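Asker: mind folding the following:
(one chain, ligands or ions: 2)
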Amino acid sequence: MTGLPVISAPVTTLPEKVIAALQRELDLTPKPGLVDRNNNGAHHDMDHALFMQSIRAITPWFTVFEQLGYRHAFLPAENQLSLLRPAGLACEKAMFSATGQVNTHQGGIFSLGLLCCAAGRLAGRKEPLSTTALCLEISAICQGMVARELASGQAPSSAGARLYQQYSLTGARGEAESGFLTVRRYVLPYWHQESGDRQHHNALLRLMAVNADSNLVSRGGIEGLQFVRHSAQRALMAPWGTTELEEMDRHFILRRLSPGGSADLLAVAMVLADFLPSPPESAFYKIPCQTVSCR
Ligand SMILES: CC(C)(COP(=O)(O)OP(=O)(O)OC[C@H]1O[C@@H](n2cnc3c(N)ncnc32)[C@H](O)[C@@H]1O)[C@@H](O)C(=O)NCCC(=O)NCCS
Ligand SMILES: Nc1ncnc2c1ncn2[C@@H]1O[C@H](COP(=O)(O)OP(=O)(O)OP(=O)(O)O)[C@@H](O)[C@H]1O
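Answerer: Ligands and ions are numbered 1, 2, ... in the order given. Take a look at the predicted model:
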């Protein structure tokens, strides 16, 4: 195992929920432009088997992220990231070594690793885990990250930094710093509208319809992002099913478009949904309908 530190048993259910979410996201089929059980989407360098290898390689790290939060639970949140990042980078290294240097889960490690760390911090302070508490803790950990890492004016050191300079896209960092606001506002209030695979397809369509996914811009420019957004919005405005999703898949593959950021946020939503209050009594579900679609 690449540089895995000695860890004890998890203190919360987050690591196991995260690993289950990674598997369910991968297996959801069809998934327009993305690797699933049918095809490799818009990817020439990865398939379902490679994603499975990647999941096996990064699995042990989510307990490490949780323990780093648990151990430093009373540290000010803004000091947590510098303790977490080396483990995140080591986990990325384990992913790259398992996949032959293919980026399968870089975004997923970042977002889901933060979720595990936030859960460890809340558990360390004996505070209850809830959707809102987890997201607010992540926002506190990532406060100032966009300004520090993207808006510093330095030469871009990653795809994300280049896209920020070109289009002011804040990518995974911006989403984490907001406390996964896109997920909380456009996905979770509608989580119980559907069940089974349709619940996850509905969530993915809602994410694709609004998420400023840097993967899409990196692959197809702003036009690529708009194409995916409009496709998802149109699907949500009418009855949709497997046929419509497979049609979108064909169009995205033709255009080499892969909404990888939305796939990562789908896994985040799957984990956060486990902590939702039961519908529909909770005020959580009284959020006014958003522009995407109010079916
Ligand atoms: C911050 C990261 C993602 C930087 O990567 P990059 O500069 O390429 O950022 P960018 O946001 O453009 O994309 C990275 C990945 O995030 C996902 N993503 C893209 N857009 C979005 C979005 N709007 N919302 C959520 N995820 C997104 C995609 O899968 C993409 O591949 C990350 O690689 C990093 O710094 N890792 C170090 C380890 C770490 O900090 N871990 C902390 C928790 S363990
Ligand atoms: N099922 C999935 N299929 C494809 N990508 C996914 C899936 N689930 C999540 N992703 C995310 O999408 C990212 C991979 O997308 P992409 O291949 O566009 O990134 P990249 O490798 O940086 O870009 P490129 O392949 O153009 O060099 C991963 O980092 C991962 O976080």
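Asker: residues contacting stretch 62-70, please?
Answerer: Under the criterion Cβ atoms under 8 Å, 6 or more residues apart in numbering, residues 4-5, 7-12, 14-15, 18-19, 80, 83-84, 87-88, 91, 112-114, 116-124 lie in contact with stretch 62-70. In this view, the C-beta of every residue, glycine as well, is placed from N, C-alpha and C.
Asker: anything in the lengthiest helix in the chain sitting right up against ligand 2?
Answerer: Ranked by number of residues, the top helix in the chain under DSSP state H is helix 214-236. Yes. Judged by Cβ under 6 Å from any ligand atom, helix 214-236 comes into contact with ligand 2 through 215, 219.
Asker: elements contacting that helix?
Answerer: In terms of contacts (3 or more Cβ pairs under 8 Å, 6 or more residues apart in numbering; DSSP states H and E), helix 214-236 is packed against helix 159-167, helix 196-210, helix 242-254, helix 260-273.
Asker: so who does the residue of the stretch 151-295 of the chain found nearest ligand 2 touch?
Answerer: For the stretch 151-295 of the chain and ligand 2, the shortest gap (Cβ to the nearest ligand atom) falls at residue 260, measuring 2.1 Å. Going by Cβ under 8 Å, 6+ apart, residue 260 touches 34, 107, 213, 215.
Asker: what about 7 Å?
Answerer: Residue 260 is in contact with 34, 107, 215, counting by Cβ atoms under 7 Å, 6 or more residues apart in numbering.
Asker: out of these, which one sits closest to residue 174?
Answerer: Checking the contacts of residue 260 against residue 174 by Cβ to Cβ gives residue 107 as the nearest, at 12.4 Å.
Asker: correct me, but the closest one touches residue 175?
Answerer: No. Between residue 107 and residue 175 there is no contact under Cβ atoms under 7 Å: 9.5 Å.
Asker: now render the helices and strands packed on helix 214-236 as TSV, adding distance to residue 133.
Answerer: Shown next, in TSV, are these (distance: least, Cβ to Cβ, whole Å):
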stretch	distance to residue 133
helix 159-167	27
helix 196-210	21
helix 242-254	34
helix 260-273	11
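Asker: which among those helices is found nearest to residue 141?
Answerer: Of the helices and strands packed on helix 214-236, nearest to residue 141 by Cβ to Cβ is helix 260-273, at 14.5 Å.
Asker: does the closest one reach ligand 1?
Answerer: Yes. Applying Cβ under 6 Å from any ligand atom, one finds helix 260-273 touching ligand 1 at 260, 261, 264, 265.
Asker: how about the longest helix of the chain: buried residues?
Answerer: Along helix 214-236, these residues count as buried under the neighbour rule (16 or more other Cβ atoms under 10 Å): 214-220, 224-225, 227-229, 231-233, 235-236.
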